[in-house]
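Q: How does the following fold in three dimensions:
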Amino acid sequence: MARITLDRPDALNAYTTETLIELAQAIGEATRDDRVGVLVLTGSGTRAFCTGGDVKEYAHRYTRRPHEYWEYMGHFQSVVEGLLKCGKPTIARLNGITVGGGNELHLACDLSVAASHIYLGQVGVGVGSVAAGGATQWLPLAVGDRRARQMLLLNERVPAAQALAWGLVSRVAPSVRHDGELLSEPTSAAIAAAAKGSDGYSLDLGPLDAEVDGLAERLLGMFPECLRYTKQQVNFWKELGWHSTIGHARDWLTLHFANREPLEGMNAFVEKRKANVAGLRTELAEGTGVEYFHGPPLRACPSCGAKNLPEKFAYCGVCGGALSPAGGSRDAD
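A: Next up is the predicted model:
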């Protein structure tokens, strides 16, 4: 068994571009190593399995250079397809929060075991993105159409027990202790106390490891070539949905990063403020559009001849000269 760990606990194990490159390499090495019969993907610590892409990197890099997101999405695609096509059973060891791209990595695995204190979910439409890296394709297969839409459109959290009932995870292992005793169905208050280590509550991932190890041991008792081909057959619907949409999603998301939605959503997340969705909706309703902060680049400066100046500008951003009142076409045309 090989265990691959996302080791960025201070960032809730969110992945950066570099992380994805390293992760794809690690999965490839495990795929080619005949000593490895089962691959386990997990995160470090007890707070998060993975919270998806590093929003700080999105805000500081890809909203400024949207065309580079296409390459980034290619790295993520390599990771997902590596998990799908490695030819060996994969287990997601969900040790903490599993949201966004983290949930998509989890969905790419064959089996998953969740600690009882975790929750799963998607966050795309709340931060200016779309969860088209596995969630839009596979959540309907995993939990059904209505539940998938609930997760994708409302970004609601799904606690571990509910995820098990929905079929979103394979098993749940108890992880919350109170005065030394494991709780089979911890309340939200108990989970919060355990995360803080207060009032006699604590987190224990021992049962999670035991459950994952037990699954791996059972899988290692099966014939490897039969496992590989069974996985290939069961992957039919996942691969059909994935390959039918991922190329389009990759290009659309790249183009969308030049839009105001991700710029506002990602920066609001980083700045820990509420995104101004209402303002964007108002502009859209008023017909002023949401593609540009200061209007479309329709104006030209009569003084220096600079073109493609924002429609709402009163002064030239190049020479500072006053612009004539905006008309219905390019001012200098």
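
Q: all helices for the protein, in order.
A: Under the criterion DSSP state H, helices of the chain are mapped to 17-32, 55-57, 69-85, 101-108, 124-127, 135-143, 145-154, 160-166, 188-196, 206-220, 224-234, 236-256, 260-270, 277-285.

Q: So which of those is nearest residue 311?
A: helix 277-285 (12.7 Å; CB to CB). Placement of C-beta: from N, CA and C, glycine included.

Q: any residues touching that closest one, and which ones?
A: Contacting residues not belonging to helix 277-285 are listed as 260, 261, 264, 289, 290 [CB atoms under 8 Å, 6 or more residues apart in numbering].

Q: Looking at the helices of the chain, which one is packed in the most?
A: Mean neighbour count (mean count of other CB atoms under 10 Å) peaks for helix 101-108 among the helices of the chain, with a mean of 26.

Q: one step back: next, give me the two most distant ones among the contacts of helix 277-285.
A: Farthest pair in these, by CB to CB: 264 and 289, 14.0 Å.

Q: Need the helices of the chain in CSV (columns: distance to residue 300).
A: Below are these laid out as CSV (distance: least, CB to CB, whole Å):
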stretch, distance to residue 300
helix 17-32, 38
helix 55-57, 36
helix 69-85, 31
helix 101-108, 42
helix 124-127, 36
helix 135-143, 42
helix 145-154, 42
helix 160-166, 56
helix 188-196, 57
helix 206-220, 63
helix 224-234, 59
helix 236-256, 26
helix 260-270, 23
helix 277-285, 24
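
Q: For residue 93, which of these is the nearest?
A: Comparing those by CB to CB, helix 206-220 comes nearest, at 4.9 Å.

Q: chain center to the closest one, what's the gap?
A: 26 Å (CA atoms, centre = their mean, to the nearest Å).

Q: and the direction of that helix versus that of helix 224-234, what angle?
A: 100 degrees (axes from the mean of the first three to the mean of the last three CA atoms, to 10 degrees).

Q: quick one: which of the contacts of helix 277-285 is nearest residue 161?
A: residue 261 (33.7 Å).

Q: Test my guess that that closest one contacts residue 276.
A: No: counting by CB atoms under 8 Å, residue 261 does not reach residue 276; the two are 10.6 Å apart.

Q: Does residue 123 touch residue 100 like I think?
A: Yes: using CB under 8 Å, residue 123 is in contact with residue 100, at 4.8 Å.

Q: shared neighbours, those two?
A: Applying CB under 8 Å, 6+ apart, one finds that residue 123 and residue 100 are jointly contacted by 52, 131.

Q: Now residue 144: closest residue in space, sequence neighbours ignored.
A: residue 166 (7.8 Å; CB to CB, 6 or more residues apart in numbering).

Q: how much space between the one you found and residue 270?
A: Between residue 166 and residue 270 the distance is 31 Å, computed by CB to CB, to the nearest Å.

Q: ok, now which ones touch the residue nearest to residue 144?
A: By CB under 8 Å, 6+ apart, the contact list for residue 166 reads 142, 143, 144, 147, 158.

Q: Repeat that for residue 156.
A: Counting by CB under 8 Å, 6+ apart, residue 156 touches 121, 150.

Q: shift numbering so it begins at 33
A: I'll keep to 33 as the first residue from here, and by that count the last item is residue 188.

Q: What's the separation between it and residue 158?
A: The spacing between residue 188 and residue 158, counted by CB to CB, is 11 Å.

Q: again with residue 229
A: Here the criterion is CB to CB. By it, residue 229 lies 30 Å from residue 158.

Q: what does residue 299 give?
A: Following CB to CB, the distance that separates residue 299 from residue 158 is 14 Å.
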